[in-house]
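Visitor: Quick check, what structure comes out for this input:
(2 chains)
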Amino acid sequence: MSQPSPGPRRTLRQAEPVRFSRILAVAGERGERVVTNDDVAGPIDSSDEWIRQRTGIVTRRRARADVDVLDLAEAAARKALDAAGLTGADVDVVILSTVTYFHQTPAGAALLADRLGATPAAAYDVSAACAGYAYGIGQADALVRSGAARHVLVVGAEKMSDFIDPTDRSISFLLGDGAGAAVVGPSDSPGIGPTVWGSDGGKAPAIRQTHAWSALRDDPAAGWPTLRQDGPTVFKWASFQMAPVAAKAMAEAGVEPEDLQVFVPHQANMRIIDQLVKQLGLPESVVVARDIADTGNTSAASIPLATERLLAEGQARSGDLALQIGFGAGLVYAAQVVVLP
Amino acid sequence: MAYTSQEILEGLAEIVAEETGLPTDAVVSEKSFTDDLDIDSLSMMTIVTHAEDKFGVRIPDDEVKNLTTVGDAVSYIEGAQAA
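Guide: All right, here's what the predicted structure looks like:
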């Protein structure tokens, strides 16, 4: 018996890569309420002076009770799309970085895409805490250059105030609510340098949730989980181990500190920002984002919020070279040099 | 080559002076980092990091809280470099 002969073999087609990507627009949305140090100092037996000296925070922005993390994400995303001259229909992928969306499934990104009219864009959440935006930019850069997507919406959104314990002296008083969004697309010239990223799960306890949600299921008296950190340990890691990561991102992008116009570190603590500037040997001409002073630490939203502010206030300009680095719970980190939109 | 305790004290005093602006001669063995030199937990971590680099030792984060006085730190570093 003769077998039917196979047809001619076809060669698989792969997506056509594009050479360069860039950030087309960045925008943000801050929580509406201005929360002062005096507002948070009482339950932790602290003071305005102590909080300013340890953290550089003067006020933090927090959202109203009826605003959730997707509301913040949507507001920031709409502004970013408008600024890019695009609509939801132009978006191929929505990446939402958040640790404060309280559904295990479905991902917030899918709901966000629907709100934006971005369906049927691919949509998924990233859990990389304060490094989430820089993780997202790294993924968006790879997706666009590989040809897997033309426009990627990256949103870092957090309602950290859903996750705080007013009596906690370690991290709660630092935290703010907000969202930042960027649209990444193809470019005629290089706009996003190589992402230097990684993790160190051996240090996971340094920034942690008090207990798992499953503990609440097993014992309702366990209470709502909140965040804690070992402040000095995180300070040391962020200040001294993240500087070489940021330096490597510059080296891989082929730029020297003198070539930068802007430095946008995650807004965790002013003391960490100051130490990073020192360790990196950034010249005084480099504008350093210090949005933490009146926004607080907004986790994944902090880098785009700080970037958007520098651009809006004229401290940074379109075309400037900016070094950005996110770092946080995991521990995880990511850094890249980008051209500002 | 191991540093002597006197060399460690002098090196540590330079690091503390750089971080705090205090004169090096204010940094003597019996002084408490917190109570006498007014060094907070974050500045202490900066000092520890620079001391680790300078003396080629590792000071675990959990150990730092036990280093109450300058002399405690000198002893710890002296012991750590011998280990």
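Visitor: which bits of chain B sit near chain A?
Guide: B:40, B:41, B:42, B:44, B:45, B:46, B:48, B:49, B:61, B:64 (CB under 8 Å from any CB of the partner chain). Bear in mind the C-beta positions are built from the backbone N, C-alpha and C, glycine included.
Visitor: Identify all contacting residues around the helix or strand bottoming out on mean pLDDT in chain A.
Guide: Sorted by mean pLDDT, DSSP states H and E, the helices and strands of chain A end with helix A:213-218, the least confident at a mean of 90. Residues outside helix A:213-218 that contact it (CB atoms under 8 Å, 6 or more residues apart in numbering or on different chains) are A:222, A:223, A:224, A:225.
Visitor: which element is the third one on?
Guide: With elements delineated by DSSP states H and E, residue A:224 resides in a region that no helix or strand encompasses.
Visitor: Can you give me the neighbour number for it?
Guide: Neighbour count for residue A:224, taken as other CB atoms under 10 Å in any protein chain shown: 12.
Visitor: How about residue A:266?
Guide: Taking other CB under 10 Å as the criterion, the count of residues near residue A:266 is 33.
Visitor: Residue A:105 now?
Guide: For residue A:105, the tally of surrounding residues (other CB under 10 Å) stands at 7.
Visitor: need the helices for the chain, in chain order.
Guide: Unless you meant another one, I'm taking chain A. Secondary structure of chain A by DSSP state H: the helices cover A:37-41, A:48-55, A:69-84, A:108-115, A:132-146, A:213-218, A:231-236, A:242-253, A:270-280, A:292-295, A:302-312.
Visitor: ah, I was thinking of chain B
Guide: Counting by DSSP H, the helices of chain B are B:5-20, B:41-55, B:61-64, B:70-82.
Visitor: Now do the longest one: which elements does it pack against?
Guide: For helix B:5-20, the contact count by 3 or more CB pairs under 8 Å, 6 or more residues apart in numbering or on different chains; DSSP states H and E identifies helix B:41-55, helix B:70-82 as packing neighbours.
Visitor: Quick check: mean pLDDT of that helix?
Guide: What helix B:5-20 shows for mean pLDDT is 95.
Visitor: buried stuff in that helix?
Guide: Buried residues in helix B:5-20, counting neighbours by 16 or more other CB atoms under 10 Å in any protein chain shown, are found at B:8, B:9, B:11, B:12, B:13, B:15, B:16, B:20.
Visitor: so can I have JSON lines of the contacts of helix A:213-218 showing distance to residue A:59 and pLDDT?
Guide: Formatted as JSON lines, those follow (distance: CB to CB, whole Å; pLDDT from 0 to 100):
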{"residue": "A:222", "distance to residue A:59": "32", "pLDDT": "90"}
{"residue": "A:223", "distance to residue A:59": "28", "pLDDT": "91"}
{"residue": "A:224", "distance to residue A:59": "25", "pLDDT": "92"}
{"residue": "A:225", "distance to residue A:59": "26", "pLDDT": "94"}
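Visitor: just the residues you listed now: which is nearest chain B?
Guide: For the contacts of helix A:213-218, the residue nearest chain B by CB to the nearest CB is residue A:225; the value is 23.9 Å.
Visitor: got the contact list for the closest one?
Guide: Residue A:225 makes contact with A:163, A:209, A:210, A:211, A:212, A:213, A:215, A:216, according to CB under 8 Å, 6+ apart.
Visitor: Tell me the one of those residues nearest residue A:290?
Guide: Closest approach to residue A:290 among the contacts of residue A:225 (CB to CB): residue A:163, at 23.9 Å.
Visitor: ok now do that closest one, which residues does it touch?
Guide: Applying CB under 8 Å, 6+ apart to residue A:163 gives the contacts A:99, A:100, A:175, A:225, A:226, A:227.
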